[in-house]
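Peer 1: Please work out how this folds:
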Amino acid sequence: MIIDQDENITIITQENASVIELVKKIESLYPKFKNNNIIVNLNTIKPISLEQIIEFLRVSNQHRAAKHSFVIVNEGIDVDKTPEEIVIVPTLQEAYDIIEMEDMERDLGF
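Peer 2: Okay, the predicted model is just below:
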């Protein structure tokens, strides 16, 4: 797992760990980046299954409830088959765009 910081955004890139191991690491290190928006880059996993994406549901819901963005990046998943609570985009640029839009919505009180 590689963790990069870009202003108020933490980018977590999956390396060799399984998705379950990655989610456990994110949960254990969560206090370090709980006040940032989070991007989880899973583009190294192809193909990725719906079951693997659902592993992130608990941490995603927790983070979004705290009024922060949680975005998964993977170009190999069909977003129409994933739960609406999880935000998935195919590129890092789109993840940044989503975070920017969600920040504006929060600033406007939505």
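Peer 1: Any buried residues in the helix or strand harbouring Leu29, and which?
Peer 2: In this assignment (DSSP states H and E), Leu29 forms part of helix 19-33. Within helix 19-33, the residues that count as buried by 16 or more other C-beta atoms under 10 Å are Val19, Leu22, Val23, Ile26, Phe33. The C-beta positions use only the backbone N, C-alpha and C, and glycine is treated the same way.
Peer 1: and what of stretch 87-95?
Peer 2: Under 16+ other C-beta under 10 Å, the buried positions of stretch 87-95 are Val87, Ile88, Val89, Ala95.
Peer 1: For that stretch, C-alpha coordinates in CSV please.
Peer 2: Extracted C-alpha coordinates of stretch 87-95, given in CSV (Å, rounded to 0.1, in the frame of the first residue of the first chain):
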residue,chain,number,x,y,z
VAL,A,87,-18.2,6.2,-5.7
ILE,A,88,-16.2,4.6,-8.5
VAL,A,89,-14.5,6.3,-11.4
PRO,A,90,-12.1,5.0,-14.1
THR,A,91,-9.3,7.7,-13.7
LEU,A,92,-7.5,9.7,-11.0
GLN,A,93,-8.5,12.9,-12.7
GLU,A,94,-12.2,12.0,-12.4
ALA,A,95,-11.6,11.2,-8.7
